[in-house]
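> The following comprises the amino acid sequence and a computationally predicted model.
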Amino acid sequence: MDIIQIATDLIDEDKDQPRYQFDDEALQELMKSIGEIGLLSPIKVRTTGDGRYKIIYGNRRYKACKMLGLPTMPCIVSTVTDELEIYLEQIAENLTREGFSPIEEAEAFNKLLNDPKFRSSTKYLSGKLGKPESYIKNKCELLKFSNAVKKLIVSGTEIRKDKLTEDQLLPLKDLPMEHRDPIALIAARDELPVSDVKKIAKLFKDKTISESTKAKLLFKTGSGLLETWATHEQNKAERAKPAEPKPAPAAAGAADSTVHEGSAQTATAAAAPIEAKLYKLISSIPSHSPLSSSLLASVQNIDAADQLGFSHMLDQLIDRLEKHLAEWNAVKQLISAANEVQT
C-alpha cells in the first residue's frame, strides 16, 4: 500500500460521505498538532478521471491541512470503483473515530438500506461492518424523531442536561410523534435516567388513558410524569385485587359507633361534608397488613437503575400519609375541644 504526496489543491471532499459534522474545537487541536509535528496518518483518496482525487476518508485531516496552507498531503490512492464498497469503507473507518455521531450513523445505515443505488440488507451490513443487526436497527430508529430532538443526540451513555443518549430515546420509539418528541425533550431538559423514561413510555402506551389526558400530561415536568405513573400503577394494582368479602351485619346498637370499609356507600345525603370526606378516605385506603420479612428483604433485589424511582415513590407515599395524618389529628383535636365545652 503505497503512500504518495498529492497536491492539496487537486483533492476534493466527498460531500456524500457519512460524516459531515466536525467539532470546531477538535479541528483546531488537530491543526495545532499537524502544524507542530506534521500529518502522521495519510488520508485515502480515489481518482476521478480528470486528474483530480476525491477523499474516501480523512476529511477532517484534509480540512486541517488546507486551513494550514500545506501544499501537499500524504495519501493512499485506492483502486476501488464500486460505490457500495467505498461507502462501506467510509462507514467502517468513521466507526473507529471519535465524533461520529449516532445520527450520522443512522443516516448512513438508512442510506445503505433504502437508497436505490445500494439497497443492502441489515444482515449484509452486519456481516460487512461487524455490528449486530440489532445495533443497526436501533440506530435507524433514531430517525423517527424530529430535527429538534436529533440535534440533542450524543454518543455514549452519560445523562447530561439538554442532551439525549440513544438509550434514553429507544423506549419512546414506538410512541406516536405527538407524544414521542415532547417526552424526549422533557427527558433532555430534566436529565431523566433511562429507567424513568421507560416508566413514562409505559404510561403513554396505556390504552386505558384517553388521548386528551395524555395531551394534558405533556405539560408536566419529568418528576410530575413519574408521579402520575406511580399513582396510575398503584390504582391498577388496587383494581386488580380480589374483592374483599362483605363484613357481617353489626350487632344492634353497635352500628352507629363502628366505621367499616366501604362506608362511603352508606353515607346519607344528610351527612356533613367532613363526614363524607372521612367516609371516602377510609374506603380508599386498604386494610393494613404488616410487611413480611421476605417482602422487606426484596428491597435488596431492586435494580440500581430503578432505586431512584422507588425512593421517589416512597417519599411521595410517606409525604401523603403524613399530610393526611396531620389534618385528621387536627380534626380529632377539634372534636375533643368541642366535647370539653359541652361537658
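Here it is on my side, so go on. Residues are numbered from 1 along each chain as shown.

> Mind giving me the packing neighbours of the helix ranked longest in the chain?
Of all segments of type helix in the chain, defined using DSSP state H, the longest is helix 304-342. Where contact means 3 or more CB pairs under 8 Å, 6 or more residues apart in numbering; DSSP states H and E, helix 304-342 is packed against helix 194-205, helix 222-240, helix 273-284. Where C-beta positions appear, they are placed from N, C-alpha and C, glycine not excepted.

> Would you check the distance separating that helix from the middle of the chain?
Distance of helix 304-342 from the chain centroid (CA atoms, centre = their mean, to the nearest Å) equals 34 Å.

> I'd like the mean pLDDT over it, please.
The pLDDT scores in helix 304-342 average 75.

> With stretch 149-163 instead?
Stretch 149-163 shows an average pLDDT of 92 in the prediction.

> That stretch: end-to-end distance?
Using CA to CA, to the nearest Å, the end-to-end distance of stretch 149-163 comes out at 9 Å.

> for it, which positions count as buried?
Buried residues in stretch 149-163, defined by neighbour count with 16 or more other CB atoms under 10 Å: 149-150, 152-153, 159, 163.

> Turn those residues into CSV, columns for distance to residue 130 and secondary structure.
Formatted as CSV, those follow (distance: CB to CB, whole Å; DSSP: H, G, I helix; E, B strand; the rest coil):
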residue, distance to residue 130, secondary structure
149, 29, helix
150, 26, helix
152, 28, coil
153, 23, strand
159, 28, coil
163, 28, coil
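
> In terms of distance to residue 92, which of those ranks first?
residue 153 (21.4 Å; CB to CB).

> is that closest one in a bridge, and if so with what?
residue 164 (DSSP bridges).

> residue contacts, it?
Contacts for residue 153 (CB atoms under 8 Å, 6 or more residues apart in numbering) come out as 101-103, 142, 145, 163-166, 169.

> Take those and keep only those in helices.
Counting by DSSP H, those place 102-103, 166, 169 in helices.

> Closest to residue 45 out of the residues you listed?
residue 103 (26.1 Å).

> so that closest one touches residue 147, yeah?
No. Using CB atoms under 8 Å as the test, residue 103 is too far from residue 147 to be in contact (9.7 Å).

> Please say which of the two ends up with more neighbours.
Per other CB atoms under 10 Å, whichever of residue 103 and residue 147 has more neighbours is residue 103, with 22 against 8.

> What's the biggest strand in the chain, counting residues?
When the chain is parsed with DSSP state E, its longest strand is strand 72-78.

> following that strand, which helix or strand shows up next?
Following strand 72-78 in sequence order, the next helix or strand is helix 83-95 (DSSP states H and E).

> just the CA coordinates of that following helix, formatted as PDB?
The C-alpha coordinates for helix 83-95 follow below in PDB (Å, rounded to 0.1, in the frame of the first residue of the first chain):
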ATOM      1  CA  GLU A  83     -19.800   2.800  -4.800                       C
ATOM      2  CA  LEU A  84     -21.100   0.400  -2.200                       C
ATOM      3  CA  GLU A  85     -17.700  -0.800  -1.300                       C
ATOM      4  CA  ILE A  86     -16.400   2.800  -1.000                       C
ATOM      5  CA  TYR A  87     -19.400   3.800   1.200                       C
ATOM      6  CA  LEU A  88     -19.000   0.800   3.400                       C
ATOM      7  CA  GLU A  89     -15.300   1.600   3.800                       C
ATOM      8  CA  GLN A  90     -16.100   5.200   4.800                       C
ATOM      9  CA  ILE A  91     -18.600   4.000   7.500                       C
ATOM     10  CA  ALA A  92     -16.100   1.400   8.800                       C
ATOM     11  CA  GLU A  93     -13.400   4.000   9.100                       C
ATOM     12  CA  ASN A  94     -15.600   6.500  10.800                       C
ATOM     13  CA  LEU A  95     -16.900   3.900  13.300                       C
END
